[in-house]
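J.: no sequence for this one, just the structure:
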């Protein structure tokens, strides 16, 4: 059984996490504190520099998770994503600098196993999802056709071309 005191965070944050989780456990339905603490531990890592970056977002991340449909899954899936992200420090800094993203990101990880698994397997899609310019842009059929034609032109085998089509479909 994990204890909040084991988290590599400043004392005041550990106390606040303990208070928040105690309140959440007392509420109807409760939460699995061990699962949440384990995910927070994984997100904090053993690296002192990353722990400092994570401490900037730990409490907002926990609050967002507790407001998601499945708090334990939200933090677990986000932790798995953070492990495969290109640069964990950059991810934490992005969320620190754009705190409005935290709720949306954690909600997505807590609400959708399908989306979470795609992002864990293809972490580069994360930046497309959070980029307002990408999300707000509708591609025309012609644009999609041109993108696909360009990608497919690099390959000769049918199997390679099918792989490109599947990857394009998942991304879109």
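T.: In hand now; what should we look at? As the structure is a computational prediction, the values presented were derived from the model and not from experiment.
J.: Every contact and neighbour count from this point should use C-alpha atoms.
T.: Noted.
J.: Mean confidence (pLDDT) on stretch 67-85, please.
T.: Mean pLDDT, stretch 67-85: 96.
J.: which outside residues touch that stretch?
T.: Applying Cα atoms under 8 Å, 6 or more residues apart in numbering, the contact partners of stretch 67-85 are 31-32, 35-36, 39-40, 42-43, 62, 65, 88, 91, 106-111, 116, 119-120, 123-124.
J.: From those, list the buried ones, please.
T.: For the contacts of stretch 67-85, a burial check counting by 16 or more other Cα atoms under 10 Å picks out 31, 35-36, 39-40, 42-43, 62, 65, 88, 91, 106-111, 116, 119-120, 123.
J.: Identify each buried residue in stretch 97-104, please.
T.: 102-103.
J.: now that stretch: mean pLDDT?
T.: Here the average pLDDT along stretch 97-104 is 93.
J.: Quick check: residue 26 vs residue 70, distance?
T.: Residue 26 sits at a distance of 16 Å from residue 70 (criterion: Cα to Cα, to the nearest Å).
J.: who's more crowded, these two?
T.: residue 70 (18 against 10; other Cα atoms under 10 Å).
J.: Could you give the backbone dihedrals for that one?
T.: phi -140, psi 90 (degrees, to the nearest 10).
J.: and the gap between it and residue 63?
T.: For residue 70 relative to residue 63 (Cα to Cα), the value is 12 Å.
J.: Would you mind listing where this protein has pLDDT under the threshold?
T.: Applying pLDDT under 70 to the chain picks out residues 28-29, 131-139, 170-172.
J.: So which elements touch the biggest helix by length in the chain?
T.: Determined from DSSP state H, the single longest helix within the chain is helix 11-26. Counting contacts by 3 or more Cα pairs under 8 Å, 6 or more residues apart in numbering; DSSP states H and E, helix 11-26 packs against helix 58-66.
J.: So which bits of the helix or strand following the helix it packs on are buried?
T.: Going down the chain from helix 58-66, the next helix or strand is helix 71-84, by DSSP states H and E. By 16+ other Cα under 10 Å, the buried positions in helix 71-84 come out as 71-83.
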